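predicted structure and sequence below. I'll ask about it afterward.
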Amino acid sequence: MIIARIEDCERYYALHPLLKPLFEYVKANDLLAAPAGRITLQGEDLFINVNDSTLVSREEQKLEVHRSYIDVHFPLSCAEDYGWRHLSTLGESDAPFDKDNDYALYSQPADKWFTLQPGEFCIVWPEDAHAPIVGEGKIRKLVAKIKI
């Protein structure tokens, strides 16, 4: 997992060729004012989900993992807490991996927690089990999906 500020995003462009167009789009557009829903940048290879969500407690949120996509999370309207745990330390998922929707959920607790502020982002790789959308109140956030 990478946690950084948007102004430092160029350092990460070499990690995947679609990171540059993603960050250029995010920096050039007022996504706080965009309608909720999907923004397709390069078909199924690169898209952004603009979400309005109610934050939940640490105890309520399950860890999730993905195999086909890298997630890039951007809180827009307020701070958001995230749980993290390496996939190799987890037991069985709550249900078989959902290939169509590219995720599995785990009830085991996170072993590390961090907070992202607006202007920051995190890049989540397939080995990063993560529990987003934690806190109090409502949030507007982006979750970009980059095909591996």
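Done, it's in.

now the strands for this structure?
2-5, 37-42, 46-54, 63-65, 69-75, 80-86, 104-106, 112-116, 120-124, 128-134, 138-147 (DSSP state E).

export those to CSV and append columns for mean neighbour count and mean pLDDT.
Heads up, the C-betas are built off the backbone N, CA and C, glycines and all. Shown next, in CSV, are those (neighbours: other Cβ atoms under 10 Å; pLDDT from 0 to 100):
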stretch, mean neighbour count, mean pLDDT
strand 2-5, 13, 98
strand 37-42, 12, 98
strand 46-54, 17, 98
strand 63-65, 21, 98
strand 69-75, 23, 98
strand 80-86, 20, 98
strand 104-106, 19, 98
strand 112-116, 14, 98
strand 120-124, 21, 98
strand 128-134, 22, 98
strand 138-147, 19, 98
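
right, and those - which one's nearest residue 94?
Residue 94 sits nearest to strand 104-106 of all those, at 4.8 Å, using Cβ to Cβ.

so how far is that closest one from its chain's centroid?
15 Å (Cα atoms, centre = their mean, to the nearest Å).

list the strands paired with that strand, with their directions.
strand 63-65 (antiparallel) (DSSP bridges).

quick one: residues in contact with the strand it pairs with.
Around strand 63-65, the neighbours that count as contacts under Cβ atoms under 8 Å, 6 or more residues apart in numbering are 83, 85, 87, 90, 93, 103-110, 126-132.

hey, what's the residue nearest the centre of the chain bridged with?
Residue closest to the mean C-alpha point of the chain, counted by Cα atoms, centre = their mean, is residue 73 at 3.4 Å. Under DSSP bridges, the beta-bridge partners of residue 73 are residue 122, residue 143.

check residue 81 too.
residue 115, residue 134.

I'd say it and residue 113 touch.
Yes - using Cβ atoms under 8 Å, residue 81 is in contact with residue 113, at 6.1 Å.

need the overlap of contacts for those two.
Joint contacts of residue 81 and residue 113 (Cβ under 8 Å, 6+ apart) are residue 58.

now render the strands of the chain as JSON lines, adding distance to residue 21.
Below are the strands of the chain laid out as JSON lines (distance: least, Cβ to Cβ, whole Å):
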{"stretch": "strand 2-5", "distance to residue 21": "18"}
{"stretch": "strand 37-42", "distance to residue 21": "6"}
{"stretch": "strand 46-54", "distance to residue 21": "7"}
{"stretch": "strand 63-65", "distance to residue 21": "25"}
{"stretch": "strand 69-75", "distance to residue 21": "12"}
{"stretch": "strand 80-86", "distance to residue 21": "24"}
{"stretch": "strand 104-106", "distance to residue 21": "28"}
{"stretch": "strand 112-116", "distance to residue 21": "22"}
{"stretch": "strand 120-124", "distance to residue 21": "15"}
{"stretch": "strand 128-134", "distance to residue 21": "22"}
{"stretch": "strand 138-147", "distance to residue 21": "10"}
